[in-house]
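Asker: how would this look folded up:
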Amino acid sequence: MTVTEPYTSAAAQARQATEKSIEAWRNGAKTLADQLDQVTFPTIDLTQPVARYFEYLQRAVDFNRDLATRWAELVTTLSGSVREQAAKVTGIVNEQTDTIADLTVKQAETVEQVAKKQADRVEQAKENQAQQARAAERRQARKDLAQARERYESLTKAELADQLAERGLPRTGTVEELIERLVVADGE
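Answerer: Numbering: from 1, shown residues only. Here you go, the predicted model:
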């Protein structure tokens, strides 16, 4: 085993963790984009959270780049006590890389949850509007029916029967049935 192998391995692990973090973010962003294509909802300003997220990622990338550069410099000049210190730094870097990866995944999940909540609110608003529209249609239909019946309600049964006879419709039944028959005939 060469002197550089543990450091090279640690650098590779840091790079892999960063790539996994970026992949998790991509997947979260794709899921969010897919959901946004399916639902129209009020404008959400995610500019600041996204900017903070990318600043965070940039800091993680810068940190990993600086660390890898320092390791490359140290590898050429390592001695006994310096090697021990480098081993400690490797452990810290591995812990920080895991923390960064976890935070990145959590932020992507949070963005996805916010988008889902917004989509649910929009869907509920649409349903409420549809219910209100149906209720308005029912009220209008009742009003229209009352107006259609109004012109016949003052007539006697004989007058109603005469109007039905003029239209070639049956003249038998209660006054309500006769009025209903005339209203239906008017609607045809």
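Asker: how about Gly173, phi and psi?
Answerer: phi 120, psi -180 (degrees, to the nearest 10).
Asker: tell me the contacts of it?
Answerer: Gly173 sits next to Arg181 when contact means CB atoms under 8 Å, 6 or more residues apart in numbering. C-beta coordinates here come from the backbone N, C-alpha and C atoms, glycine included.
Asker: check what pLDDT it gets.
Answerer: Note on Gly173: pLDDT of 92.
Asker: distance-wise, check the residue with the largest distance to the centre of the chain relative to Ala165.
Answerer: Computed with CA atoms, centre = their mean, the residue of the chain farthest from its C-alpha average is Ala158, at 64.3 Å. For Ala158, the distance to Ala165 under the criterion CB to CB, to the nearest Å works out to 10 Å.
Asker: buried set for stretch 59-67?
Answerer: Within stretch 59-67, the residues that qualify as buried by neighbour count (16 or more other CB atoms under 10 Å) are Ala60, Phe63, Asn64, Leu67.
Asker: quick one: Ala101 and Glu19 touch, right?
Answerer: No: under the contact definition of CB atoms under 8 Å, Ala101 does not touch Glu19, with a separation of 9.6 Å.
Asker: show me what secondary structure element comes after the helix or strand in which Tyr53 is found.
Answerer: When secondary structure is defined using DSSP states H and E, the element that contains Tyr53 is helix 47-77. Proceeding N to C from helix 47-77, the next assigned helix or strand is helix 80-153, under DSSP H and E.
Asker: what domains does the record give for the protein?
Answerer: Structural domains annotated on the chain: 5-146, 155-187, as defined by automatic domain parsing.
Asker: mean pLDDT lowest where, among those?
Answerer: Looking at those, the lowest mean pLDDT belongs to domain 5-146 (a mean of 83).
Asker: endpoints of it, how far apart?
Answerer: With CA to CA, to the nearest Å as the measure, the first residue of domain 5-146 is 90 Å from its last.
Asker: neighbours of Glu153, how many?
Answerer: For Glu153, the count of nearby residues is 11 (other CB atoms under 10 Å).
Asker: so for it, what's the nearest residue that isn't a sequence neighbour?
Answerer: Closest residue to Glu153 apart from its sequence neighbours, by CB to CB, 6 or more residues apart in numbering: Ile179 at 6.6 Å.
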